[in-house]
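Asks: Make a model of this:
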Amino acid sequence: MGFGDLLKMKITKVPGALSRYVVDKFDSTKMKIVLREGVEIDVTRESVNQMLGFPLEKKQLHEIKMNIVASDNADMNFQMNFIALLINSLIESSSCGKANTYPLNYVMKNTNIRNIDWCSYLLNCLVKTKRSVDSSNPTSNFVGPSAFLVLLYVDRVHYSVVIAERKRPVICHWTSEKMKLREIYEKEILTQFGIGDLNEDFVEEDINQEDYQQMILMKIRKIYLLIEN
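Replies: Just a heads-up that it's a prediction; the model follows:
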């Protein structure tokens, strides 16, 4: 199906304060996370692929003929259940508390799930859900892909205290605990989000994994010491 990397994801939730900050900084017209003047993060199909491991394909979901299929086929049922879980957890949930199953209306029995341009679909949902948020209404919540935005932010914004390997796809190398630790570091130690410099474009490098893991652990301990003091 093209989503094998998601089997290695270790994220069960995203930190609230950091998520709200990044969503607020996302400009749906520019398609950028605007941290401050002159410091922006591009939000593209390629970045969705790099953060979440979604396949980069060309067929738009809305181009597939609408046809709701009732099937007893186990493989088909598994695919439909997986897509529903994928959409509601990583792309767009529902503000009314029910599962968002509308995209399943486009999926037919013979649809090749891998060939759908899920990266563009996520970006379309991101724009739609951001524009639907009413900032004057405290009950108006963002129901779009907050995990994607937070992962893009923590990967691109650099601090000397690194707490995760910079590898692809990013969702396989950040955990909910590390994201929360990053939020605490920026919010409580630095007292504000978004003041770090941007990382260079990612380039896969051969590194000594054991040494790198030790470095990461040392820097995590450093953050805990800063918090405790």
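Asks: which other residues reach the helix ranked longest in the chain?
Replies: Determined from DSSP state H, the single longest helix within the chain is helix 209-228. Residues from elsewhere that reach helix 209-228 (C-beta atoms under 8 Å, 6 or more residues apart in numbering): 161-165, 178, 181, 184-185, 188-189. Heads up, the C-betas are built off the backbone N, CA and C, glycines and all.
Asks: With stretch 145-153 instead?
Replies: Contacts of stretch 145-153 (C-beta under 8 Å, 6+ apart): 11, 14-15, 18-19, 22-23, 26, 33, 41, 43, 47-48, 51-52, 89-92, 122, 125-126, 129, 170-171, 174, 179.
Asks: So what's the predicted local confidence for Q192?
Replies: You'll see Q192 listed with a pLDDT of 97.
Asks: What separation do you get for it and A17?
Replies: 11 Å (C-beta to C-beta, to the nearest Å).
Asks: neighbour count winner among those two?
Replies: Between Q192 and A17, A17 has the larger neighbour count (other C-beta atoms under 10 Å), namely 13 against 8.
Asks: Kindly state the pLDDT recorded for the residue positioned nearest the centre of the chain?
Replies: By C-alpha atoms, centre = their mean, the chain has its centre lying nearest to F148, at 1.4 Å. On pLDDT, F148 comes in at 99.
Asks: which SS state does the residue found closest to R156 once you drop the neighbours it is linked to in the chain fall under?
Replies: Distances taken as C-beta to C-beta, 6 or more residues apart in numbering place I41 nearest to R156, at 4.9 Å, with adjacent residues excluded. Assigned by DSSP: H, G, I helix; E, B strand; the rest coil, the conformation of I41 is strand.
Asks: Which strand residues bridge I41?
Replies: I33 (DSSP bridges).
Asks: show me the contacts for it.
Replies: Residues counted as contacts of I41 (C-beta under 8 Å, 6+ apart) are 32-33, 35, 152-153, 156-157, 198.
Asks: What mean pLDDT does the longest helix of the chain get?
Replies: For helix 209-228, mean pLDDT rounds to 76.
Asks: picking up where we left off before, out of the contacts of helix 209-228, which one sits closest to N141?
Replies: N141 has its nearest neighbour among the contacts of helix 209-228 in I184, at 22.7 Å by C-beta to C-beta.
Asks: export the strand or helix carrying that closest one as CSV, just CAs?
Replies: According to DSSP states H and E, I184 maps onto helix 176-184. In CSV, the C-alpha atoms belonging to helix 176-184 read as follows (Å, rounded to 0.1, in the frame of the first residue of the first chain):
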residue,chain,number,x,y,z
SER,A,176,5.8,11.6,21.6
GLU,A,177,8.1,11.9,24.6
LYS,A,178,10.9,13.6,22.6
MET,A,179,8.4,16.0,21.1
LYS,A,180,7.1,16.9,24.5
LEU,A,181,10.7,17.4,25.8
ARG,A,182,11.4,19.7,22.8
GLU,A,183,8.2,21.7,23.7
ILE,A,184,9.4,22.0,27.4
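Asks: What pairs with the next helix or strand after it, parallel or antiparallel?
Replies: Going down the chain from helix 176-184, the next helix or strand is strand 197-198, by DSSP H and E. Strand 197-198 has its sheet partners listed here by DSSP bridges as strand 157-158 (antiparallel).
Asks: The helix or strand of the chain with the lowest mean pLDDT: which residues count as buried?
Replies: Least confident helix or strand of the chain, by mean pLDDT, DSSP states H and E, is helix 209-228 with a mean of 76. Across helix 209-228, burial judged by 16 or more other C-beta atoms under 10 Å covers 216, 220, 223.
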